[in-house]
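J.: Give me a 3D structure for the following:
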Amino acid sequence: MGSELTSVRAILGINPISGHDRLPPASRFKPAVATPHSHAASIVHDGFRQSEQQAAGPRHEHPLLSFLQVIPAESARDAGALGYLAKFLVQTTLPHREHPGTQYVRQDGNLTLRISDVGGTGLPYGSYPRLILIWMTTEAILTANRELELGPSLSRFMAQLGLQATGGHWGTIPRFRNQMQRLVGAAISTRWAQDDSGQDQCSGENLLLADRFHLWWTPQRLLSEAPAKSTVTLSVNFFEQLVAAPVPLDLRAVRALKRSPLALDLYAWATRRVSYLSRPTLISWESFRRSFGAGYSDTPQGRSCFRSKAIEAFRRVVVVYPQLKIESHENGLLLRPSGPHIPKVLR
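T.: Purely as a prediction, here's the structure:
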């Protein structure tokens, strides 16, 4: 089994994708580089400077170099690589690593986010559920239907991401299956608390991801035809949230960042944030850690570790999104008005 397409067939019992459904080969591009007089650390320039210092020979290729071949000059729309992620999923991210217990809680000011395991399979975490949510959002928009069929469309999506299939206990096949089960068994609850003129106010929303699901897979062998149709029926509230002002993404960028949950989060966040940014904005490291670093301890060591991880993730993001203007400062990240990664279509 040589591709994730094969693993999706193994999981869902579906036919392979024809060559017409695959992405065209990518071409090389050069990311923007900061001016040498800048006092701030340009994330791209700093990343490649470090790569040059660390390179010991032609066999020690910096992993960032592989990203240079991902995004061709052709637009995402023209390449058939346009995907979407719901706006609220950009603001409320999943755990990056396996989280113990049945609840994952984040607090940022007056907002409290709680993801609960109501299906008894564990909380979703890592890259796979993020990729599945991008597929769900994209499919919900394209079909305008709450019932999503995990057949050719999901297979085509996974093929676009170029994932590799491996078997065994730690392979991608059982991990994909496990994260799909965790995701459809999750619920998201948000609460806003506010003290207004001496009166306590509280509002919120509870979202169950799926009303029903039927998942077929045969992890040990491939089937030429699906024995039954695999479907996920999204809840009404969750479906409405998916299709309400979704954030457009380039699936070629998602493919490049697929191994890093943090990089996927930051790419989606940056894409949405610059869409309405009108002036340079400094975002403090503490604010950023509250939003994206819930798995890091609130200690000097934990804050320093998150900062290093966030800078490394942004180095990857800026390579696949070269229009993004962002700089690392001592007190935070400076985000400047930037060209959109997915240009708006003039009607």
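
J.: For the rest of this, base every contact and every neighbour count on C-alpha atoms.
T.: Noted.

J.: All the strands of the chain, in order from the start?
T.: 41-42, 82-85, 103-108, 111-117, 147-149, 186-196, 199-208, 210-214, 231-234, 247-250, 281-284, 325-328, 332-336 (DSSP state E).

J.: Return the list of strands paired to the fifth one, each annotated with direction.
T.: Using DSSP bridges, strand 147-149 pairs in its sheet with strand 231-234 (antiparallel).

J.: Not counting its own residues, what contacts the partner strand?
T.: By Cα atoms under 8 Å, 6 or more residues apart in numbering, the residues outside strand 231-234 that reach it are 146-150, 184, 209-215.

J.: now, which of those residues sits nearest residue 201?
T.: residue 209 (26.4 Å; Cα to Cα).

J.: if we can go back for a sec, export the contacts of strand 231-234 to JSON lines and append columns for distance to residue 158 and pLDDT.
T.: Formatted as JSON lines, those follow (distance: Cα to Cα, whole Å; pLDDT from 0 to 100):
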{"residue": "146", "distance to residue 158": "20", "pLDDT": "95"}
{"residue": "147", "distance to residue 158": "19", "pLDDT": "94"}
{"residue": "148", "distance to residue 158": "15", "pLDDT": "91"}
{"residue": "149", "distance to residue 158": "14", "pLDDT": "85"}
{"residue": "150", "distance to residue 158": "11", "pLDDT": "79"}
{"residue": "184", "distance to residue 158": "18", "pLDDT": "92"}
{"residue": "209", "distance to residue 158": "21", "pLDDT": "91"}
{"residue": "210", "distance to residue 158": "21", "pLDDT": "93"}
{"residue": "211", "distance to residue 158": "24", "pLDDT": "93"}
{"residue": "212", "distance to residue 158": "22", "pLDDT": "93"}
{"residue": "213", "distance to residue 158": "19", "pLDDT": "91"}
{"residue": "214", "distance to residue 158": "19", "pLDDT": "86"}
{"residue": "215", "distance to residue 158": "17", "pLDDT": "81"}
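
J.: tell me which residues in stretch 278-288 are buried?
T.: Buried positions in stretch 278-288, judged by neighbour count with 16 or more other Cα atoms under 10 Å: 282, 285, 286, 288.

J.: Would you convert the strands of the chain into JSON lines that also reports distance to residue 97?
T.: Listed next are those as JSON lines, based on distance: least, Cα to Cα, whole Å:
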{"stretch": "strand 41-42", "distance to residue 97": "28"}
{"stretch": "strand 82-85", "distance to residue 97": "21"}
{"stretch": "strand 103-108", "distance to residue 97": "11"}
{"stretch": "strand 111-117", "distance to residue 97": "14"}
{"stretch": "strand 147-149", "distance to residue 97": "27"}
{"stretch": "strand 186-196", "distance to residue 97": "16"}
{"stretch": "strand 199-208", "distance to residue 97": "22"}
{"stretch": "strand 210-214", "distance to residue 97": "23"}
{"stretch": "strand 231-234", "distance to residue 97": "24"}
{"stretch": "strand 247-250", "distance to residue 97": "23"}
{"stretch": "strand 281-284", "distance to residue 97": "24"}
{"stretch": "strand 325-328", "distance to residue 97": "25"}
{"stretch": "strand 332-336", "distance to residue 97": "24"}
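
J.: which stretch among the ones you listed comes nearest residue 308?
T.: It is, among the strands of the chain and with distance given as Cα to Cα, strand 325-328, at 10.5 Å.

J.: circling back to that earlier point, check the buried residues of stretch 278-288 and tell me the two furthest apart.
T.: Among the buried residues of stretch 278-288, 282 and 286 lie farthest apart (Cα to Cα), at 11.6 Å.

J.: which residues touch residue 82?
T.: Listed by Cα under 8 Å, 6+ apart, the contact set of residue 82 reads 76, 248, 249, 250, 251.

J.: now the second one, nearest residue through space, not along the chain?
T.: Going back to what we said before, that points to residue 248. residue 84 (4.5 Å; Cα to Cα, 6 or more residues apart in numbering).

J.: Residue 140 is in contact with the one you found, correct?
T.: No: counting by Cα atoms under 8 Å, residue 140 is not a contact partner of residue 84; they are 9.6 Å apart.

J.: The two: which is more packed in?
T.: The residue with more neighbours, out of residue 84 and residue 140, is residue 84; 24 against 20, by other Cα atoms under 10 Å.

J.: rewinding a little: now the buried residues of stretch 278-288 as JSON lines including pLDDT and distance to residue 261?
T.: Output for the buried residues of stretch 278-288, formatted as JSON lines (pLDDT from 0 to 100; distance: Cα to Cα, whole Å):
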{"residue": "282", "pLDDT": "94", "distance to residue 261": "23"}
{"residue": "285", "pLDDT": "93", "distance to residue 261": "19"}
{"residue": "286", "pLDDT": "89", "distance to residue 261": "19"}
{"residue": "288", "pLDDT": "88", "distance to residue 261": "15"}
